[in-house]
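Visitor: 3D, please:
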Amino acid sequence: MGVLAIGTAVVARGAQAEDERSHRFQLTSFQDREAVVAESTTVTTVAGSERHDITGPISLRVADALPPGELEIKNVFGWGTRKGGGSDEWEYEFELEYGLIENHQLLFSLPLELGEGRVTGNWDITLGWHWKLWGEDGAIPATAIRQFVRIPTGHDSEGVDYEIRPILTWTLSDSARYTLSGYARSVNGDNFDEPGEEGDEEGEDARHFRWGVITGFDYDLTEDFKLIWDYVYGSSVHTGHRDNHTLEVGFDWHFAPNQSFNFMTEVSLDGDGNDNANLGAEISYVVSFGG
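Guide: Purely as a prediction, here's the structure:
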């Protein structure tokens, strides 16, 4: 009987130990599954939040800044035509954008009007600074400020212009964003003055304070192909003229990890080619380094 009791106790303790080991294994397996799910969720979330910035020649820009150390080199070619407004306009613009530190980006642009090289202000340098103030938090949009200074380095140029541009960006989904932006510009030279016709000494003076609104969407059709469209409202370039309304549609195609080809077309909603082109188009090739 004593042997039987001892044997029974040993078997019971063995069964209890086996139950404990089984329980620990099940608990560990459950914790492992939780960790795998959490890790998978984290990766999905990060992947879903990654998207290309707008790099093309369209007016719309988002609040995000380039990563520190990243340099973008842009070559932009543009064409525009006006209703009954003489010859078409052709332009090339060289641009640099550099991520200085977190949330801060430097900008440089040098436009060249082709065909009519002696246009006042041709080759003027513009320097800019993009500062992302804060990221998106619920209904509060990601917010940034861009500032530009035009320096009179070009043909027969004068005065220094200044522009400030607030940018508000909301994420609508993993693929879509909405951006609202405005601008105010102080024009201190006479580069945009137009002489009067023969016998008219007054001509048309440049408007020295201009403002406008840019609003639109960007949508990632695929990981490397982005659609963009916006509406631009701007005060007139010359005093006494009406304000301007323009629709822009374009795409950014990132065909390689550090290269993109971009396109934009603009259509005047006014129909008379007052201060803006009735129809225009721009293409750009962008290559980036670092970051």
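Visitor: Can you list the buried residues in the helix or strand harbouring Tyr231?
Guide: Using DSSP states H and E, Tyr231 maps to strand 225-234. By neighbour count on 16 or more other C-beta atoms under 10 Å, the buried set for strand 225-234 is 226, 228-230, 232, 234. Yep, even glycine has a C-beta here, placed from its N, CA and C like the rest.
Visitor: right, and the helix or strand after that strand?
Guide: Immediately after strand 225-234, counting by DSSP H and E, sits strand 244-256.
Visitor: Residues contacting that following strand, please?
Guide: The contact list for strand 244-256 (C-beta atoms under 8 Å, 6 or more residues apart in numbering) reads 52, 54-60, 216, 224-236, 260-270, 274-276.
Visitor: ok, that strand: who's next to it in the sheet?
Guide: The strands beside strand 244-256 in its sheet (DSSP bridges) come out as strand 225-234 (antiparallel), strand 259-268 (antiparallel).
Visitor: quick one: it to chain centroid distance?
Guide: 11 Å (C-alpha atoms, centre = their mean, to the nearest Å).
Visitor: do the same with stretch 256-272
Guide: 13 Å.
Visitor: Span of it from start to end?
Guide: Taking C-alpha to C-alpha, to the nearest Å, stretch 256-272 runs 40 Å from one end to the other.
Visitor: returning to what we had before: which one of the buried residues of strand 225-234 is nearest to Asp124?
Guide: For the buried residues of strand 225-234, the minimum distance to Asp124 (C-beta to C-beta) is 19.0 Å, reached by Gly234.
Visitor: so the closest one makes contact with Arg210?
Guide: Yes: counting by C-beta atoms under 8 Å, Gly234 touches Arg210, with 6.7 Å between them.
Visitor: any weak-confidence spans in the stretch 51-200 of the chain?
Guide: Low-confidence segments of the stretch 51-200 of the chain, defined by pLDDT under 70, span residues 84-86, 117, 192-200.
Visitor: again, 50 this time
Guide: 196-200 (pLDDT under 50).
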